[in-house]
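Requesting a structural model of the entry that follows:
(one chain, ligands or ions: 1)
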Amino acid sequence: MPINHFLSEHGHRIRNRLNFTDDPPEWGLRAKQAASSNPDFLDATVGTAQNESGFHYFPTLLKEIQTLSSEETLAYANMRGVPAFSRAWKFDTINSYHPSLRDKAKILTSDPVPIAGGLTGALFTVGQLFADQETHLLAPSSRWGNIDNCFGIGLDVPIHSFDIFSKDGHFTFDHLRSKIEDVAPSASRLIIYLNFPNNPTGYMPNFKEIEELQDIFKAISLPTIVLLDDAYEGYVYPDESFPSQENPIPHSIFPYLFGINSEILPIKIDGPTKRFCAYGTRLGVISLGFHSETDQKTDVQVVKTGLNVSEVFVKAARSHCSSAPRGIQEALGRILSDNEKYKAILEEREAFRSMLEQRYRFFLRVLQEQDPNPILKPLTCNSGFFAFFLVQDLSARVLAAQLLEKGLGVVPFMDNQTGFNGVRFAFCSLLEKDISPAIEILWRVSTEMCC
Ligand SMILES: Cc1ncc(COP(=O)(O)O)c(C=O)c1O
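Sure, this is the predicted structure:
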């Protein structure tokens with residue numbers, strides 16, 4: 001009998017609707033194939049950073065992993081996490097916030113719960129608990145597509161897209177505001193997915209924009225989970241000539257969301273994937289933000305390990321992936337709680353941010369030297385691993401396929417609901433010397449295709 005005969009309704013949905021055609025890994029594979037017959041091929045599809053020697057990693061982390069014992073590497077981890085890791089992760093996260101936000105964050109944040117499967121596993125765990133057909137998910141049209149796989153297909157949740165850029169290419173929360181007004185009357189619960197720095201656009205809001213977001217959230221009157229995907233937190237590139245209020249916030253927006261409305265539940269998803277360039281370790285982390293100390297006291301349980309965890313996440317994780325990988329927790333737990341090692345890894349993280357910033361600045365300079373392009377419109381970008389070009393009057397998929405043939409890999413992003421259509425350019429995976437030739441191909445091919 002063919003497998004179809006045995007599939008559940010859910011299985012049919014996954015088999016029939018989950019489509020890798022436009023997934024970044026699929027475009028990454030196509031780029032690798034194209035590169036195998038073209039030694040000059042430039043691959044700007046990949047969301048993992050490369051340097052002159054190849055894969056970029058943090059030496060302090062690799063060294064620590066190499067000292068782990070057999071038990072620390074191979075035995076089960078506590079299902080609530082390795083306590084030293086959870087405590088140190090919370091410390092490192094809060095340490096990244098502006099000093100004026102730290103005390104509040106210490107009190108109003110649960111201890112983090114580590115989840116197997118990276119940020120993806122953590123996002124799915126949240127979905128398992130809060131998402132059903134009565135729950136509506138609002139997500140930017142410029143979003144990491146696995147959100148659709150995870151929530152739309154995996155959990156059968158209706159997804160509503162809103163643009164975070166106006167037609168003239170400037171960042172705005174206006175469309176989020178109107179989307180909430182449209183959707184809220186027919187929903188029993190909302191999940192608002194936000195990812196800053198944003199994949200694929202490379203945008204991180206400034207303080208003024210976050211104040212607007214707070215105003216939007218204050219007006220919400222139904223239970224709303226604000227799901228923050230903080231994969232790229234901290235990788236921002238401020239402009240010295242701007243007033244500080246107009247520069248990207250250098251850390252997660254999580255601490256700005258406590259205490260503004262009791263109907264809002266902020267949940268922070270992060271992990272070592274990009275924070276420590278540990279993509280394959282498959283560890284995700286969930287932290288909960290409380291409206292008040294009373295909510296915090298009612299929810300968290302101080303378990304035997306001494307951790308203040310929200311047990312509901314531990315239960316959800318137990319039901320689909322049991323416990324999280326142990327080795328990476330052991331290694332990071334030791335590094336983040338040892339003064340010398342912590343100092344060393346912070347320096348490595350700053351050197352990495354600075355390498356990305358250098359590429360970003362070089363990319364901007366190269367862009368400024370180009371003639372106006374008839375079909376490409378770069379979006380404002382100030383952070384993260386990527387830059388983005390809106391494509392006008394041509395399918396982004398068609399342009400990306402043609403670019404592959406001409407020696408450049410980029411990833412197309414399209415959204416049927418809003419008409420968002422463009423290509424993502426991963427400067428994280430290109431060496432500085434390759435940025436100018438990559439832009440040259442992009443400009444030449446797009447101009448040829450339009451005329
Ligand atoms: C915005 C965003 N969220 C989540 C992830 C996935 O993270 P992980 O590999 O830890 O599942 C990615 C990976 O590219 C991403 O870009």
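
Right, and the ligand sits closest to which residue of the stretch 251-400 of the chain?
T273 (3.5 Å; Cβ to the nearest ligand atom). Quick note: C-beta positions are derived from backbone N, CA and C, even for glycine.

I'd say that residue and Y279 touch.
Yes - if you go by Cβ atoms under 8 Å, T273 and Y279 touch, sitting 5.2 Å apart.

hmm, back to that, and the residue of the stretch 251-400 of the chain closest to the ligand, that one's in a strand?
No - counting by DSSP: H, G, I helix; E, B strand; the rest coil, T273 is not part of a strand but helix.

What about it, how many residues nearby?
Counted by other Cβ atoms under 10 Å, the residues lying close to T273 total 22.

The helix or strand harbouring E440 - contacts with which helices or strands?
Assigned by DSSP states H and E, E440 falls within helix 432-450. Using 3 or more Cβ pairs under 8 Å, 6 or more residues apart in numbering; DSSP states H and E, the elements in contact with helix 432-450 are strand 42-43, helix 339-368, strand 376-378, helix 396-405, strand 408-409, strand 420-425.

which of those is buried the deepest?
strand 408-409 (a mean of 28; mean count of other Cβ atoms under 10 Å).

Which neighbours in the sheet does the helix or strand following that one have, and how are they oriented?
The element immediately downstream of strand 408-409 (helix or strand, assigned by DSSP H and E) is strand 411-415. Paired neighbours of strand 411-415 in the sheet (DSSP bridges): strand 420-425 (antiparallel).

Compute the inter-axis angle for the partner strand and helix 432-450.
Calculated by axes from the mean of the first three to the mean of the last three Cα atoms, to 10 degrees, strand 420-425 forms an angle of 150 degrees with helix 432-450.

ok now strand 420-425, how far from the chain's centre?
Relative to its parent chain, strand 420-425 has a centroid offset of 17 Å by Cα atoms, centre = their mean, to the nearest Å.

what do you get for stretch 326-333?
Relative to the centre of its chain, stretch 326-333 is centred 22 Å away, using Cα atoms, centre = their mean.

Could you give the average pLDDT over that stretch?
Averaged across stretch 326-333, the pLDDT comes to 98.

Can you list the neighbours in contact with that stretch?
61, 64-65, 68, 72-77, 81-85, 87-89, 114, 272, 276, 278, 281, 283 (Cβ atoms under 8 Å, 6 or more residues apart in numbering).

Tell me the buried residues within those.
Listed as buried from the contacts of stretch 326-333 are 61, 64-65, 68, 72, 77, 81-85, 87-89, 114, 272, 276, 278, 281, 283; burial here means 16 or more other Cβ atoms under 10 Å.

still on that earlier bit, put together JSON lines for the helices and strands packed on helix 432-450, with mean pLDDT and distance to the ligand on each row.
Shown next, in JSON lines, are the helices and strands packed on helix 432-450 (pLDDT from 0 to 100; distance: least, Cβ to the nearest ligand atom, whole Å):
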{"stretch": "strand 42-43", "mean pLDDT": "96", "distance to the ligand": "15"}
{"stretch": "helix 339-368", "mean pLDDT": "97", "distance to the ligand": "14"}
{"stretch": "strand 376-378", "mean pLDDT": "95", "distance to the ligand": "20"}
{"stretch": "helix 396-405", "mean pLDDT": "97", "distance to the ligand": "17"}
{"stretch": "strand 408-409", "mean pLDDT": "98", "distance to the ligand": "16"}
{"stretch": "strand 420-425", "mean pLDDT": "97", "distance to the ligand": "10"}
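
Using TSV, please lay out those together with distance to Y256.
Formatted as TSV, these follow (distance: least, Cβ to Cβ, whole Å):
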stretch	distance to Y256
strand 42-43	36
helix 339-368	21
strand 376-378	28
helix 396-405	33
strand 408-409	36
strand 420-425	26
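
right, and these - which one's nearest L176?
Closest approach to L176 among those is made by strand 420-425 (14.1 Å; Cβ to Cβ).

In this protein, where is pLDDT below threshold?
Counting by pLDDT under 70, the chain shows low-confidence ranges at 451.

Which positions in the stretch 251-400 of the chain make contact with the ligand?
Residues of the stretch 251-400 of the chain found near the ligand (Cβ under 6 Å from any ligand atom) are 271, 273, 279, 284.

now do 5 Å
T273 (Cβ under 5 Å from any ligand atom).

So E357 versus G384, what's the distance?
11 Å (Cβ to Cβ, to the nearest Å).

returning to that earlier point: list residues touching both of T273 and Y279?
With Cβ under 8 Å, 6+ apart, T273 and Y279 have common neighbours G118.

sorry, back to before: enumerate every residue touching the residue of the stretch 251-400 of the chain closest to the ligand.
118-119, 231, 279, 281, 283-284.

Same list (the residues you listed) but as a markdown table, adding secondary structure.
As requested, those are exported to a markdown table (three-state DSSP):
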| residue | secondary structure |
| --- | --- |
| G118 | helix |
| L119 | helix |
| A231 | coil |
| Y279 | helix |
| T281 | helix |
| L283 | strand |
| G284 | strand |
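
Max pairwise distance over the residues you listed: which two?
Largest pairwise distance in the contacts of T273, by Cβ to Cβ, is 13.8 Å, between A231 and T281.

domains in the chain, as residue ranges please.
3-57+346-450, 70-342 (automatic domain parsing).

Among those, show me which one is buried the most.
Of the domains of the chain, domain 70-342 is the most buried (mean count of other Cβ under 10 Å), at a mean of 19.

Pull the distance from that domain to the chain's centre.
Using Cα atoms, centre = their mean, the offset of domain 70-342 from its chain centre is 9 Å.

do the same with stretch 385-399
Worked out by Cα atoms, centre = their mean, stretch 385-399 lies 20 Å from the chain centre.

Equivalent analysis for stretch 345-361, please.
Taking mean C-alpha positions (Cα atoms, centre = their mean), stretch 345-361 and its chain are 18 Å apart.

Can you give the contact residues for it?
49, 51, 56, 58-61, 202, 234-237, 275-277, 335-336, 381, 385, 387, 427-428, 430, 432, 435.

Return the subset of these lying in helices.
59-61, 275, 335-336, 432, 435 (DSSP state H).

Between all of those residues, which two are at the greatest distance?
Largest pairwise distance in the ones in helices among the contacts of stretch 345-361, by Cβ to Cβ, is 33.3 Å, between L336 and I435.

Now do the contacts for A35.
A35 touches 41, 43, 409, counting by Cβ under 8 Å, 6+ apart.

hmm, 10 Å instead?
Shown in contact with A35 (Cβ atoms under 10 Å, 6 or more residues apart in numbering): 41-43, 404, 407, 409.

Need the max-distance pair from those residues.
Farthest pair in the contacts of A35, by Cβ to Cβ: L42 and L404, 10.7 Å.
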